[in-house]
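Undergrad: the amino acid sequence is not available; the structure is as follows:
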Ligand code: CAA
């Protein structure tokens with residue numbers, strides 16, 4: 001049975017910071033971010049946006065009423081949870097009005113969680129071919145003001161509908177994973193921002209890729225030259241490019257896949273790191289910005305979550321996949337509200353104040369499709385606009 005991605009959608013907050021402004025404020029050379037990291041802008045989430053509102057918005061952009069009546073599993077991959085116990089998927093299920101007899105869960109392993117969600121969705125459809133699974137990758141990446149990771153922050157969510165006979169991409173059965181117990185990027189429960197061993201994390205990203213790819217080749221007999229494109233986890237675009245360069249052994253393949261890679265980072269460059277969703281944002285960018293791809297082309301994926309778990313897998317493009325995309329997405333991203341440095345820092349430090357009953361004042365109005373309206377008795381109250 002063919003199982004895979006039937007629909008894919010994306011949402012980001014309305015605010016954006018130009019990394020040239022950040023460079024100036026941090027006395028850095030703008031080319032360090034633009035050329036050194038291959039990033040130009042980053043999405044910034046106000047206090048009224050979180051993984052629930054962004055995930056719901058991404059999903060609402062692709063789902064029909066018929067989908068909502070058929071979905072029987074909602075999976076949210078994230079590493080920026082708003083609750084240690086209640087899954088964001090439960091709140092999203094409610095906001096979207098998905099039929100009640102569904103399983104809703106949250107999955108965590110740094111930036112890898114949603115990839116595990118995709119595999120679980122595939123197994124579920126294999127068992128129940130008539131059902132549909134909603135897989136959402138939703139994250140807000142905040143490293144800290146003037147931290148090394150600051151220019152690689154971002155916010156956003158990707159939603160995918162996984163079904164039998166998908167209209168965009170069939171997922172192949174060639175997954176190879178690796179687990180390594182390391183501390184390269186992590187966030188203890190008592191910390192607001194992640195702890196990062198920056199250089200070590202970049203080395204682990206690449207070493208996990210090269211060693212897993214060797215294993216993938218040995219197990220499947222596939223070569224990099226068999227693929228039309230490669231999508232990687234994109235903490236910042238240069239990291240992905242370095243990954244591709246680390247496994248491309250011949251010049252022709254490297255040149256061809258580098259051309260596709262440039263198309264696959266169009267959105268990531270202006271959104272920043274969205275952790276679990278960044279590999280799927282890269283897929284969306286590839287599909288919507290490449291004129292070279294065609295049906296039946298194979299796409300290779302490298303998903304990496306610090307800590308660390310990674311996975312290499314692949315998919316095949318379905319005839320007519322172009323009809324299920326949004327071709328004006330970059331124009332929309334270019335219409336976001338550009339923040340000054342003062343506004344960015346004000347939003348960065350904004351916190352919801354609670355009284356002794358765990359209740360906040362009404363939060364500022366937010367016209368996004370979904371927004372956090374207030375906290376009442378420690379419960380997050382969302383609205384649909
Ligand atoms: N013009 C052009 N390039 C310049 C430049 C200039 N003026 N100044 C510096 N550069 C280049 C550097 O040469 C370097 O490029 P190379 O790596 O190709 O040599 C690049 O810009 C970055 O410079 P530095 O290494 O000096 O930058 P840094 O030390 O300030 O920070 C970082 C780099 C460690 C990656 C930091 O951004 C960071 O900590 N990021 C967060 C961690 C991260 O993203 N890790 C990735 C792997 S882990 C993962 O993937 C999970 C996840 O999502 C977090």
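TA: Cool, got the structure. Worth saying up front: this structure is predicted, and the values here are computed from it rather than measured. Numbers count the residues shown, from 1 in each chain.
Undergrad: so what's residue 155 bridging to?
TA: Counting by DSSP bridges, residue 155 forms beta bridges with residue 140.
Undergrad: surely it touches residue 47?
TA: No: applying CB atoms under 8 Å as the test, residue 155 and residue 47 come out as separate, 11.9 Å apart. In short, each C-beta sits where N, CA and C put it, glycine included.
Undergrad: so which of these two has more stuff around it?
TA: residue 155 (30 against 16; other CB atoms under 10 Å).
Undergrad: that one and the ligand: what is the separation?
TA: Using CB to the nearest ligand atom, to the nearest Å, residue 155 is found at 13 Å from the ligand.
Undergrad: excluding chain neighbours, what is closest to the residue in the stretch 101-250 of the chain that the ligand sits nearest to?
TA: As assessed by CB to the nearest ligand atom, the ligand sits closest to residue 198 within the stretch 101-250 of the chain, at 2.7 Å. Nearest non-adjacent residue to residue 198, counting by CB to CB, 6 or more residues apart in numbering: residue 148, 5.1 Å away.
Undergrad: now name the helix or strand holding the one you found.
TA: Per DSSP states H and E, residue 148 falls between elements, in no helix or strand.
Undergrad: correct me, but it touches residue 195?
TA: No: Residue 148 is beyond contact range of residue 195, at 11.4 Å (criterion: CB under 8 Å).
Undergrad: could you give the number of residues near residue 318?
TA: So residue 318, with other CB under 10 Å, has 19 neighbours.
Undergrad: can you check residue 362 too?
TA: Residue 362 has 8 nearby residues by other CB under 10 Å.
Undergrad: give me every residue that touches it.
TA: For residue 362, the contacting residues are 373, 374, by CB atoms under 8 Å, 6 or more residues apart in numbering.
Undergrad: show me the helices in the stretch 151-300 of the chain, by range?
TA: 198-220, 237-247, 251-264, 268-271, 278-289 (DSSP state H, counting those that start in this stretch).
Undergrad: got the phi/psi numbers for residue 324?
TA: phi -110, psi 30 (degrees, to the nearest 10).
Undergrad: doesn't residue 76 belong to a strand?
TA: Yes: per DSSP: H, G, I helix; E, B strand; the rest coil, residue 76 lies within a strand segment.
Undergrad: what's the distance between the residue nearest the centre of the chain and the ligand?
TA: Residue closest to the average C-alpha location in the chain (CA atoms, centre = their mean): residue 277, at 0.8 Å. Look at residue 277 and the ligand: by CB to the nearest ligand atom, they are 11 Å apart.
Undergrad: for that residue, which non-adjacent residue is closest in space?
TA: residue 137 (3.5 Å).
Undergrad: bridging residues for the closest residue to residue 283 other than its chain neighbours?
TA: Leaving aside its sequence neighbours, residue 283 sits nearest to residue 231 (CB to CB, 6+ apart; 4.8 Å). Here residue 231 shows beta-bridge partners residue 301, assigned using DSSP bridges.
Undergrad: these two touch, right, residue 231 and residue 284?
TA: No: contact criterion CB under 8 Å: residue 231 and residue 284 do not qualify, at 9.3 Å.
Undergrad: my guess is residue 171 meets residue 118, correct?
TA: Yes: between residue 171 and residue 118 there is a contact under CB under 8 Å: 7.1 Å.
Undergrad: verify the stated contact: residue 164 with residue 3.
TA: Yes: with contact defined as CB under 8 Å, residue 164 reaches residue 3; the gap is 5.6 Å.
Undergrad: what sits in contact with each of the two?
TA: By CB under 8 Å, 6+ apart, the residues touching both residue 164 and residue 3 are residue 125.
Undergrad: which of those two has more neighbours?
TA: Between residue 164 and residue 3, counting by other CB under 10 Å, residue 3 is the more crowded of the two (22 against 18).
Undergrad: tell me who's in contact with the residue of the chain found nearest the ligand.
TA: Here the residue of the chain nearest the ligand is residue 36; by CB to the nearest ligand atom that distance is 2.0 Å. Neighbouring residues of residue 36 by CB under 8 Å, 6+ apart: residue 238.
Undergrad: got the phi/psi numbers for it?
TA: phi -70, psi -40.
Undergrad: show the pLDDT at residue 249.
TA: On pLDDT, residue 249 comes in at 89.
Undergrad: residues in contact with it?
TA: Residue 249 touches residue 224, counting by CB under 8 Å, 6+ apart.
Undergrad: what's the distance between it and residue 205?
TA: 19 Å (CB to CB, to the nearest Å).
Undergrad: return the most buried member of the helices of the stretch 151-300 of the chain.
TA: Mean neighbour count, computed with mean count of other CB atoms under 10 Å, is highest for helix 278-289 among the helices of the stretch 151-300 of the chain, reaching a mean of 26.
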